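Visitor: Sequence and predicted structure below; questions after.
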Amino acid sequence: MSTATRAATAAHAQRLGVVLALLYVFLWASAFVPSKVLSTEGQPLWMLVVRFLLAGGVLLAVARAMRRPFPCRMRGWLELLLLGVLTNALYLGLAYIALEHLSSGMGAILSSINPLILALLAPRLLGEPLSARKGLGLLLGFGGVLAIMIERAGTGTARPPDVAIMVLGVIAGVFSTVLFKRIQHRHDLVAATATQLACAGLMLIPAALLLEGPLHITPTPELLGSMAYLVVIVSVAASLLWFWLLTHGEASRVSAFYFLTPAFGLVLGALLLGEHIAPHDLFGLGAIAAGISLVQRG
């Protein structure tokens, strides 16, 4: 293969990666609206239990039908159990608790600090260098997020306890990314995603019983529609896409697209839930876009 052909192939792969990363962030940001519905109309933790068990069951059936390999040793199962706890049980469990009071737009904004935390850990834990350009881009992106947060801090949509709960969930999500990058070579993508989802659902049952009592659901159209969307589009499709992106790229570069979560989250929150978008939000989102551009070229 000639040098020009290799360069063209690499450029095409990079463009494809950007498109898929944008698709993932859109899907992930779109989850905040139905998640807000489930956290207010249902029992938040039980809703996650149902969501994870349904999504895990679907993917387990797919993995078995495709004859995908599952772990052969206890260590492999424990790795996927921990991945499920960090990725879903803690990250989304804490997010659902916070979303009982946070707006869906603010939830999306707080989730976007993920890249900054990961960038600080990646050099030591994953061996991914933090160049000056990448660091500047991350700071610029985080500055845009912070500007939006400050603007909204006095609106009642960002109470300190709820923000703290959400941030703890984001930290759990960061460590799940680090864990996956370290174990990805030992696991099949479909089997791993299915197993970690099922494990997350099972691990959340005791917490749901303790904090919310027995499961009781009022099956409104809004609740059922939100659950179906979260199971099929977010937990199944988006989870597979996220782990695929991590498999094929640096965690710090891929996660930088999380800075776009507020853009999609705020717009969807405004369109579907009537939440307000201030003019200052647009300046913050412009800084976020510029930051992502620097990270990708860093």
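Guide: That came through fine.
Visitor: Is V267 in contact with I277, as I believe?
Guide: Yes - the criterion here is Cβ atoms under 8 Å, and V267 meets it with I277 at 7.4 Å. Where you see a C-beta, it was placed from the backbone N, CA and C, and this is true even at glycine.
Visitor: out of these two, which sits in the more crowded spot?
Guide: V267 (18 against 15; other Cβ atoms under 10 Å).
Visitor: contacting residues for that one?
Guide: I277 (Cβ atoms under 8 Å, 6 or more residues apart in numbering).
Visitor: any idea how far it is from D281?
Guide: With the distance defined as Cβ to Cβ, to the nearest Å, V267 ends up 10 Å from D281.
Visitor: Show me whatever sits in contact with both of these two.
Guide: Joint contacts of V267 and D281 (Cβ under 8 Å, 6+ apart) do not exist.
Visitor: so R51 sits right up against S235, yeah?
Guide: Yes - shown here, R51 and S235 form a contact pair, counting by Cβ under 8 Å, at 5.9 Å.
Visitor: Report all helices and strands that the helix or strand where G201 lies contacts.
Guide: Secondary structure assignment for G201, by DSSP states H and E: helix 189-212. Using 3 or more Cβ pairs under 8 Å, 6 or more residues apart in numbering; DSSP states H and E, the elements in contact with helix 189-212 are helix 44-65, helix 74-84, helix 91-98, helix 239-247.
Visitor: If we go by neighbour counts, what in that helix is buried?
Guide: By 16 or more other Cβ atoms under 10 Å, the buried positions in helix 189-212 come out as 189-204, 207-208, 212.
Visitor: residue ranges with poor pLDDT in the stretch 151-298 of the chain?
Guide: Applying pLDDT under 70 to the stretch 151-298 of the chain picks out residues 151-158, 262-263, 265-266, 268-269, 272-273, 275, 297-298.
Visitor: mind running it again at 50?
Guide: Filtered on pLDDT under 50, the stretch 151-298 of the chain yields no residues whatsoever.
Visitor: show me where it has helices.
Guide: With DSSP state H, counting those that start in this stretch, the ranges of helices along the stretch 151-298 of the chain come out as 160-183, 189-212, 221-229, 239-247, 251-255, 261-273, 279-297.
Visitor: Can you name the residues in contact with the fifth one?
Guide: This points to helix 251-255. Residues outside helix 251-255 that contact it (Cβ under 8 Å, 6+ apart) are 17, 21, 114-115, 118-119, 122, 126, 128, 130, 134, 177-178, 181, 245-246, 295-296, 298.
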